[in-house]
Structure formats: structure tokens, C-alpha cells
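Enquirer: please work out how this folds:
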Amino acid sequence: MEDKLRDARIAVEDLTTEQRKADQAVEAVRTRRTRDQQRMDSGAISNPKDLERMQHELVSLDRRISVLEDEELEVMERLETAQETMQRLEQELAGTDERLAVLVEARDAKFAEIDAQLAEVTAERGPATDGMPADLMALYERLREQKNGVGAAEIRARECGGCRISLDPAEIASIRSASSDEVVRCQECSRILVRTAESGL
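Expert: Numbering: from 1, shown residues only. Just a heads-up that it's a prediction; the model follows:
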């Protein structure tokens, strides 16, 4: 959009310059014709041949003025079209900028909301992890970095809540026989598995 608008502005500038030159060309020929007509009307030219030549020149100047005026009109029409295109693109870009500003504001508000939630969760996490073994916390943090922020997952209905894959019978038997304080992990995604009443073990 910005590239198109830049090109449209350049086109308007070029055509404005072209129209100015066309105006000057028409004005120059008109000035010359007026001067020649005044010389003829004043009687300053008395030689018949000179008068005839001057009359032919006036006819030529009239034709030249007509051609230049047609060219001038064509340039004016092209300039008008270019100006309309430029104005339309400016309006479209302004609309896009307004919509972008609204989206940026909504995004920033959402980020602020997420930051607030994160701060709340972080504050709650401190007491919850008190007394946890250092090696277990280190394992959890490492897995969380590797697994898109989820280092531990609940077992629900014999399924890992992290990768959503059902545990096979041998894995279920192994988890069932493990002591309550033993760390068990999913064989598929390696996350720490959290056993609950809904685990189906």
C-alpha cells in the first residue's frame, strides 16, 4: 500500500510539472500571436507581402495554440486521474493505520492481562513449591522449557494430560506399583506424571 501511494505521489508530481510546462508553452504562443496581431492592427506593416506573410503566421500560431491546448487538456485529465488515485490510496492507508492502531491497543491490553495473570500465578507458585526437592524442581524446570511450558501433567482416565496419549498396560502397572512419593514420567513425552483420583489407576 505504501509503495503504491509513493508511486501515485510521484506520478502527481511529474504530471504537475508537465502541466506547468504545457501552460507555459500555450501562454508563450498566445503572447506571440497577440504581439503580431497588434503590429498588423497598428498599421506598422504596410508592405503587402509582409502583411500576407504575417497573416499566414497568425494562422499557423492559431493551429499551434489549438494543438497545445489539446495537449494541455490531456495532461490535466491525466493529472486529475492521478490525484484521485493518490487521494484514494491516502484514505485507504489512513483506514489501515486506524485499524492497526486498534489492533495494537487490543494486543497491548491482552499482554497486560497475561502479565498480570503470570504475576499472580508466580506469586501462588512460591508457597506451592516450598519443601520440594531441589533435583525434582530442576527436572521440572528443564522439562517445562523443553515442553512448551508444561513440565508436569495429570493422568486422567489412564491418559497423559501432556501428550494426550493413553498409557499402555505395562506403564499403568509400573505407575500403580510405584510409591506415592516416587517420581513417575510419561514414556512418550517424558513429562512428570501427577497421580490423582481421576487417574483411573
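Enquirer: tell me the mean pLDDT over the longest strand along the chain?
Expert: When the chain is parsed with DSSP state E, its longest strand is strand 152-156. Averaging pLDDT along strand 152-156 gives 89.
Enquirer: stretch 192-199 too?
Expert: Mean per-residue pLDDT for stretch 192-199: 84.
Enquirer: and the next helix or strand past the helix or strand containing residue 77?
Expert: Secondary-structure assignment from DSSP states H and E places residue 77 in helix 48-129. Following helix 48-129 in sequence order, the next helix or strand is helix 134-146 (DSSP H and E).
Enquirer: list the buried residues for that next one?
Expert: 139-140, 143 (16 or more other Cβ atoms under 10 Å). Placement of C-beta: from N, CA and C, glycine included.
Enquirer: closest one of those to residue 49?
Expert: Nearest to residue 49 among the buried residues of helix 134-146, counting by Cβ to Cβ, is residue 143 at 108.8 Å.
Enquirer: can you give me the pLDDT of the closest one?
Expert: Listed pLDDT for residue 143 reads 88.
Enquirer: distance of it from residue 184?
Expert: Separation of residue 143 from residue 184 (Cβ to Cβ, to the nearest Å) stands at 13 Å.
Enquirer: give the residues shared as contacts by the two.
Expert: Taking Cβ atoms under 8 Å, 6 or more residues apart in numbering as the criterion, residue 143 and residue 184 both touch residue 192.
Enquirer: report the buried residues of stretch 36-55.
Expert: Neighbour-count burial for stretch 36-55 flags 36, 54 (criterion: 16+ other Cβ under 10 Å).
Enquirer: now tell me what touches that stretch from outside.
Expert: With Cβ under 8 Å, 6+ apart as the criterion, stretch 36-55 contacts 57-58, 61.
Enquirer: chain center to that stretch, what's the gap?
Expert: Computed by Cα atoms, centre = their mean, to the nearest Å, the chain-centroid distance of stretch 36-55 equals 67 Å.
Enquirer: what bits of the protein have low per-residue confidence?
Expert: By pLDDT under 70, the weakly predicted segments of the chain are 125-131.
Enquirer: ok, now with 50
Expert: Judged by pLDDT under 50, the chain has no weakly predicted residues.
Enquirer: how is it carved up into domains?
Expert: Under automatic domain parsing, the residue ranges defining each domain of the chain are 2-121, 134-194.
Enquirer: now the ones you listed in a markdown table, with distance to residue 200?
Expert: Shown next, in a markdown table, are those (distance: least, Cβ to Cβ, whole Å):
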| stretch | distance to residue 200 |
| --- | --- |
| domain 2-121 | 28 |
| domain 134-194 | 4 |
